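> show me how the following folds:
(chains A and B)
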Number of protein chains: 2
Amino acid sequence: MTTARGRRPGAPDTRAEVLTAARASFAEKGFRGTTIRAVAASAGVDPALVHHYFGTKDDLFVAALQIPVDPREVLAPVVAAGPDGAGERLLRTFLRVWDDPAVQPGLLAMVRSLITDDNGGLVRDAFIPVVVGPVLTGLVADRPEVRIPLVASQLMGLIVARYVVALPPLAAMPADDLVARVGPTLQHYLTGDLP
Amino acid sequence: MTTARGRRPGAPDTRAEVLTAARASFAEKGFRGTTIRAVAASAGVDPALVHHYFGTKDDLFVAALQIPVDPREVLAPVVAAGPDGAGERLLRTFLRVWDDPAVQPGLLAMVRSLITDDNGGLVRDAFIPVVVGPVLTGLVADRPEVRIPLVASQLMGLIVARYVVALPPLAAMPADDLVARVGPTLQHYLTGDLP
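Numbers count the residues shown, from 1 in each chain, chains lettered A, B, ... in the order given. Sure, this is the predicted structure:
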């Protein structure tokens, strides 16, 4: 294997090898079945090095998604501003990231990979409960285990309609209009009177 | 090609050949680019025979989806009962069909095929505007071109969350609970005060 920039010939690209091993393990064994120790062994490195490069297993999972943004960092300011108006703020932030032409292809590739190829388990066991769930929990008054999946269902539907299928008029709808029309749904799921 | 039941050896299975030609044409040329005439030519039959077997191009598209229900027939009684409570009725009907273990695998296969494989155009150009849109238009007071895609976005999100990804608790949530929680969203998109 050769790489383009400035590495000594033959030196192993350890970080990339760990990521490759991590992606293989998440895909084959799921999130719960993956351990830092096993990923390290598969990449032929010490577990401490994996921790050093990537942090926790959660962090390793986010890195393995190969997306240009960390959803936890993007969502932090949305949550910090509190529940009032959170539905609209959440959707505005979601659209700002997804509408960015530098970011969208990577996110679409992730979604296609997660929805197909039997990787749905990684959305179920890791992306929602481990990556975005704990952050969004700061926005809901009660029953985050019900409210956050409902929020996720509307956002997943927007991803499919606006970006995957490019359904008019959602595909080209200005963010302000979409926020005005769908923001109240998210607010309802986050803080509304839900049976 | 051989088939299992009761055909004379060598007799062409014309109906199946037309369907195969139709599926290939819809996938390659899209809905608008497909004509009954071209499908008939590709299957080596007369266009009148395609009309005789399948009806209109819309009907041929629904047949080519290879799903065990015709969405137009399923939705007709929902629409006939009028806009009041339509969100809940629509979702209840949607869940009854999707939760049916005899139907769900075929629907999931359709969704996976439509979302991936660059067949998103068939959702955009045919499934929503040609198959379900015209029926659901009977439920909305104004701007069906905005309201129906919003309804579609929430239903697509439920398909992904409940059936593709199997996200808890949506995956196992009793239909009554899901109708109580998401029905109002659909009702809002159908008839609510939408900016």
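> for the rest of this, base every contact and every neighbour count on C-alpha atoms.
Noted.
> and for whatever residue of chain A ends up closest to chain B, the neighbour number?
With Cα to the nearest Cα, the shortest gap between chain A and chain B falls at A:G157, namely 3.5 Å. Using other Cα atoms under 10 Å in any protein chain shown, the number of residues around A:G157 comes to 24.
> what do you get for the one 5 residues further on?
Around A:R162 sit 21 other residues, with neighbours defined as other Cα under 10 Å.
> to what extent is the closest residue to it other than its chain neighbours buried, counted in neighbours?
Nearest non-adjacent residue to A:R162, counting by Cα to Cα, 6 or more residues apart in numbering or on different chains: A:A171, 4.1 Å away. A:A171 is flanked by 18 other residues according to other Cα under 10 Å.
> show me which residues of chain A are close to chain B?
Contact residues (Cα under 8 Å from any Cα of the partner chain) of chain A with chain B: A:112, A:115-116, A:120-121, A:123-124, A:145-146, A:149-150, A:152-158, A:160-161, A:164-170, A:177, A:180-181, A:185, A:194-195.
> can you give me the helices in chain A?
For chain A, the helices defined by DSSP state H cover A:14-29, A:36-43, A:47-54, A:57-64, A:71-80, A:86-99, A:104-115, A:120-122, A:133-136, A:144-158, A:175-191.
> tabulate those helices (TSV), appending distance to B:F26 and mean pLDDT.
Shown next, in TSV, are the helices of chain A (distance: least, Cα to Cα, whole Å; pLDDT from 0 to 100):
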stretch	distance to B:F26	mean pLDDT
helix A:14-29	32	93
helix A:36-43	44	97
helix A:47-54	45	95
helix A:57-64	36	94
helix A:71-80	37	96
helix A:86-99	29	97
helix A:104-115	21	84
helix A:120-122	27	84
helix A:133-136	39	94
helix A:144-158	24	97
helix A:175-191	30	98
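> so who does A:P184 touch?
A:G87, A:E88 (Cα atoms under 8 Å, 6 or more residues apart in numbering or on different chains).
> near the nearest residue to A:P83 once chain neighbours are set aside, how many other residues are there?
Nearest residue to A:P83, sequence neighbours excluded (Cα to Cα, 6+ apart): A:L139, at 5.0 Å. Here the count is done by other Cα under 10 Å, and A:L139 has 23 residues near it.
> and what of A:P174?
Per other Cα under 10 Å, the neighbour tally for A:P174 reads 11.
> okay, now the domains of chain A?
As recorded under automatic domain parsing, the domains making up chain A are A:14-65, A:71-191.
> who wins for proximity to B:A41 among the ones you listed?
B:A41 lies closest to domain A:71-191 among the domains of chain A, at 29.6 Å (Cα to Cα).
> now do the end-to-end distance for the closest one.
End-to-end span of domain A:71-191 (Cα to Cα, to the nearest Å): 21 Å.
> so how far is it off the chain centroid?
Relative to its parent chain, domain A:71-191 has a centroid offset of 9 Å by Cα atoms, centre = their mean, to the nearest Å.
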